[in-house]
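Chemist: Sharing a sequence plus its predicted fold:
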Amino acid sequence: SQLPTPGENEYYWSDLIGLTVINQDGAVYGKVTSLLETGSNDVLVVKGTKEHGIPFLLGSVIRKVDLEKQEIHVEWELI
């Protein structure tokens, strides 16, 4: 409550933790458990059946963050 309201397409890490990550085909990858700061971009740590790192790059990898639905839509294929 003491932090300023984030601007458009800006998010606090605490807002992203717990959101469900879904790819462009509708496959659920899991939930965001934490984030890592790498210097070039932040990385979502997503835990489903396995744990994966997904770069938080708005517009390319991150297609949509929907805080109301608690979802992050990504264009990313897990290997």
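Modeler: Structure's in. What do you need?
Chemist: which residues touch Thr33?
Modeler: Counting by CB atoms under 8 Å, 6 or more residues apart in numbering, Thr33 touches 17, 45-47, 51. All C-beta atoms are positioned from the backbone trio N, CA, C, and that covers glycine.
Chemist: let's see it at 7 Å
Modeler: 17, 45, 47 (CB atoms under 7 Å, 6 or more residues apart in numbering).
Chemist: That one: which element?
Modeler: strand 28-37 (DSSP states H and E).
Chemist: That strand pairs with which strands, parallel or anti?
Modeler: Strand 28-37 pairs in its sheet with strand 20-23 (antiparallel), strand 42-47 (antiparallel), by DSSP bridges.
Chemist: Of the contacts of Thr33, keep whichever come out buried.
Modeler: Buried by 16 or more other CB atoms under 10 Å: Val45, out of these.
Chemist: ok so, going back, make a markdown table from the strands paired with strand 28-37 and add distance to Gln70 and mean pLDDT to it.
Modeler: Below are these laid out as a markdown table (distance: least, CB to CB, whole Å; pLDDT from 0 to 100):
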| stretch | distance to Gln70 | mean pLDDT |
| --- | --- | --- |
| strand 20-23 | 6 | 98 |
| strand 42-47 | 14 | 97 |
